[in-house]
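[1] Build me a model:
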Amino acid sequence: MKQPHAHITFLFVTLGIVAILLLLTDMATGDTFIPISKVWAVLTGGECDEMTRNILLSIRFVRVVVAGLIGIALSVSGLQMQTVFQNPLADPYLLGVSSGAGLGVALFILGAPLLGWTAFPLLQSIGIIGSGWIGTAVILLGVAVISRKVKNILGVLIMGVMTGYVAGAIIQILQYMSSAEQLKVFTLWSMGSLGHITMTQLAIMAPIVCTGLVVSIACIKPLNLLLLGENYARTMGMNIKRSRTLIFISTALLTGTVTAFCGPVGFIGLAVPHITRLLFNNADHRVLVPGTILTGLIGMLLCDIIAKKFLLPVNCITALLGVPVILWVIAKNLRIIK
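    Next up is the predicted model:
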């Protein structure tokens, strides 16, 4: 059922206001709480003491932008995967993205001591990010090639899941062979972290995520056609293979980039699309894609605020907030909840 146009506009305005308020609150939250009035003054070029300005712009602003990019990227990717696979429990990591990034990082962490790179922290940091992205790109390139050869989307899904399992098994072997220090580095990456990203890394991350979003927006019409099934989409003149490849490229750019830079962040890509559908009561991706962008931004900012408040890894918070949504989806599909 479609909501009236005025109601949709009201929802977008409300979500936009909530996103701005949470952005200001997230910047204000930290080891020391900074009044929101000072945060607003810094962002709008008003008067503020130099120390507060440096804390907000050099440290907290970067983290808030990274949190927003993660929420947007994973949410949009999750929406695309759920539509393409016609599966309400599909998520951005379904195609083995997380395992591919984990395999790349595990190989680098194990190999770095042999190459003598552990003596250079900056080089090690760049290497972890680069190896994670390469691992993601290799896995998704393989899935994209398979998707052009395999007509049945279920075959692509099975190949993605199996690839993820193989990569996961290799990661476990590498973890078993690693030293305690190497294992600690990998574990910290796998828990998901927002605080270690620098402005230079953000300058690399943001354009790639924005490119992925542009590709996603270009795929809105194919996504709407895929809702009605691949056979109907073909009769409407849609090139299934090309559209599917574009969607997978978008997922690679969005999910692969945030996973490589920040580690895997669970449940956001799975839960947020369902929350968006519930809010808008609409299946049109012209509404769902921008709605998911706003809802994903709000969800991740909220998780980051709670994580900073209780000094917990952000993955713990996303799981606690995401699991109830997943249980609701399962119950609804089993007709436990009408």
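[2] can you pull the contacts of residue 162?
    Taking CB atoms under 8 Å, 6 or more residues apart in numbering, we find residue 162 in contact with no residue. Glycine gets a C-beta too; all of them are placed from N, C-alpha and C.
[3] give me every residue that touches residue 42.
    Residues near residue 42 by CB under 8 Å, 6+ apart: 48, 52-53, 56-57.
[4] I'd say residue 168 and residue 93 touch.
    No - in this structure, residue 168 is not within contact of residue 93 by CB atoms under 8 Å, at 11.2 Å.
[5] got any residues that touch both of the two?
    Common neighbours of residue 168 and residue 93 (CB under 8 Å, 6+ apart) are residue 99.
[6] more neighbours, those two?
    Neighbours were counted for residue 168 and for residue 93 using other CB atoms under 10 Å; residue 93 has more, 25 against 14.
[7] which residues sit in contact with the closest residue to residue 197 other than its chain neighbours?
    Leaving out its chain neighbours, the residue that sits closest to residue 197 by CB to CB, 6 or more residues apart in numbering is residue 66, at 4.9 Å. By CB under 8 Å, 6+ apart, the contact list for residue 66 reads 194, 197, 202, 205, 261-262.
[8] mind listing what's buried in whatever helix or strand residue 10 lives in?
    Using DSSP states H and E, residue 10 maps to helix 5-28. Using 16 or more other CB atoms under 10 Å as the test for burial, helix 5-28 gives 8, 11, 15, 18-19, 22-28.
[9] ok, of the contacts of residue 42, which come out buried?
    Here, 16+ other CB under 10 Å leaves 48, 52, 56 buried among the contacts of residue 42.
[10] out of those, which are inside helices?
    Members of the buried ones among the contacts of residue 42 lying in helices (criterion: DSSP state H): residue 52.
[11] so which one among the buried ones among the contacts of residue 42 has the lowest pLDDT?
    Lowest pLDDT within these is found at residue 48 (80).
[12] Leaving out the residues flanking it, which one is nearest to residue 283?
    residue 227 (6.1 Å).
[13] Contact partners for that neighbour?
    83, 283, 285.
[14] possible to save those residues as JSON lines with neighbour count?
    JSON lines is the format used below for the contacts of residue 227 (neighbours: other CB atoms under 10 Å):
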{"residue": "83", "neighbour count": "22"}
{"residue": "283", "neighbour count": "14"}
{"residue": "285", "neighbour count": "24"}
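[15] In strands, which of the residues you listed fall?
    Among these, DSSP state E puts none in strands.
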